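Engineer: Just the structure for this:
(chains A and B)
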Amino acid sequence: DVKVTQSSRYLVKRTGEKVFLECVQDMDHENMFWYRQDPGLGLRLIYFSYDVKMKEKGDIPEGYSVSREKKERFSLILESASTNQTSMYLCASSPPDSSGDSYEQYFGPGTRLTVT
Amino acid sequence: QKEVEQDPGPLSVPEGAIVSLNCTYSNSAFQYFMWYRQYSRKGPELLMYTYSSGNKEDGRFTAQVDKSSKYISLFIRDSQPSDSATYLCAMSEGGFKTIFGAGTRLFVKA
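Structural biologist: This next block holds a predicted model:
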């Protein structure tokens, strides 16, 4: 079974703090993703990574950065947390198929972040 | 207009009913069509995916894609209380990017 774990289930931080969310996958997947999930908006892609040290911006990268120093680990960093970053954060990993498409994603349990 | 539209529900059905969940989309370049199930306080899990048009069946679940109408459906036969969850449709042109619907909450009452 693919296992994607996230460092915290619930997190409460203050405005302006630097926040680190960690994600680890154990299936040697090349691709990893960070999404946020908000009611009525679905999942929105923040960043993805297709290899160690490689990253691409998603749809809503502003206020976030990422780090991928090892293949199994993908970190999301909120440089200076703001209240509008209160959300559920989901990490996913994906193997590419033979044509390089990564439609099959495996998600972690999520981190519910509250910024006060 | 959102690229993917999905009725948020909630949808409440009695046990044993046939459930129909639907999404519409606007991007004709989508090739991969997925359905994810998300239980409360869990991450989504992939239920089924379809490449291009047509039907796909897996046990009690059937996924249908109608590219001419830009409409996809998930049918659940003989629904069970354990099917109570949020169902997310998702679509991709290929590559890395997947667009998710907002999800439909389903309640199956015993």
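Engineer: Tell me the bridge partners for the residue nearest to the spatial centre of chain A.
Structural biologist: The C-alpha lying nearest the average C-alpha coordinate of chain A belongs to residue A:34 (CA atoms, centre = their mean; 2.3 Å). Applying DSSP bridges to residue A:34 gives these bridge partners: residue A:47, residue A:91.
Engineer: Distance of it relative to residue A:86?
Structural biologist: 16 Å (CB to CB, to the nearest Å). Bear in mind the C-beta positions are built from the backbone N, C-alpha and C, glycine included.
Engineer: confidence score at residue A:97?
Structural biologist: If you check residue A:97, the pLDDT there is 68.
Engineer: What of the one 3 residues further on?
Structural biologist: At residue A:100, the model reports a pLDDT of 63.
Engineer: quick revisit: and the pLDDT at the residue nearest to the centre of chain A?
Structural biologist: At residue A:34, pLDDT is 98.
Engineer: Please report how far it lies from chain B.
Structural biologist: 12 Å (CB to the nearest CB, to the nearest Å).
Engineer: Next: residue A:69.
Structural biologist: 20 Å.
Engineer: ok now do that residue, which residues does it touch?
Structural biologist: Residues in contact with residue A:69, defined by CB atoms under 8 Å, 6 or more residues apart in numbering or on different chains, are A:52, A:53.
Engineer: again, 7 Å this time
Structural biologist: residue A:52 (CB atoms under 7 Å, 6 or more residues apart in numbering or on different chains).
Engineer: Okay, now the sheet partners of the helix or strand hosting it, with direction.
Structural biologist: Assigned by DSSP states H and E, residue A:69 belongs to strand A:64-70. With DSSP bridges as the test, strand A:64-70 is paired with strand A:73-78 (antiparallel).
Engineer: Pull out the buried positions in the strand it pairs with.
Structural biologist: If you call a residue buried by 16 or more other CB atoms under 10 Å in any protein chain shown, then strand A:73-78 has these buried ones: A:74, A:75, A:76, A:78.
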